[in-house]
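# Predicted model follows, preceded by the sequence.
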Amino acid sequence: MAYDHNGTVAGGESNTAGSDDGNPDSAQYATVGGGRNNAAAGVQSTVSGGAENSASGNDAAIGGGRQNSATNEASTVGGGWATTPQAIAPPSAAARKTPAQAHTLPSAEG
């Protein structure tokens, strides 16, 4: 069942797209392709198939498998069983290098 605006459940059994919170805008564009007991509950989240998978982070995606969770924003699980990716903080500004800096070799001191 698709609960929110522009949500889609293409097939399968007992799959849900969106959030059953009464607000049809809370998880727009959520999509489940098929499988069984899958839930896409984040904005623009996707579960392609498999069984008992849950993509609750906004822009999260699960390709398939079983009992996988994508709970963080833009997290992805390609497949497998019972996989949950961990959130990774972006590097600090001091740790980032420009492309030119990344390809600069250290000078030889001698």
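Yep, that arrived.
# use CA for all of it now, contacts and neighbours both
OK.
# Go ahead and flag the most central residue of this protein.
Ala60 (1.5 Å; C-alpha atoms, centre = their mean).
# and Asn23, what is it in contact with?
Asp4 (C-alpha atoms under 8 Å, 6 or more residues apart in numbering).
# So it versus Asp4, what's the distance?
7 Å (C-alpha to C-alpha, to the nearest Å).
# Over to Gln44?
11 Å.
# Pull up the overlap in contacts between those two.
Joint contacts of Gln44 and Asp4 (C-alpha under 8 Å, 6+ apart) are 27-30.
# related to what we said a few turns ago, surely the residue nearest to the centre of the chain touches Ser45?
Yes: counting by C-alpha atoms under 8 Å, Ala60 does reach Ser45; the two are 4.7 Å apart.
# before we move on, the earlier item: so what's the residue nearest to the centre of the chain scoring on pLDDT?
The pLDDT attached to Ala60 in the predicted structure is 96.
# what's the nearest residue to Thr76 if we skip its chain neighbours?
Ala61 (4.8 Å; C-alpha to C-alpha, 6 or more residues apart in numbering).
# show me the contacts for the one you found.
Here Ala61 is in contact with 45-48, 55, 70, 74-78 (C-alpha under 8 Å, 6+ apart).
# And the furthest pair within those residues?
Ser48 and Ala74 (15.2 Å; C-alpha to C-alpha).
# more crowded one of the two?
The residue with more neighbours, out of Ser48 and Ala74, is Ser48; 23 against 17, by other C-alpha atoms under 10 Å.
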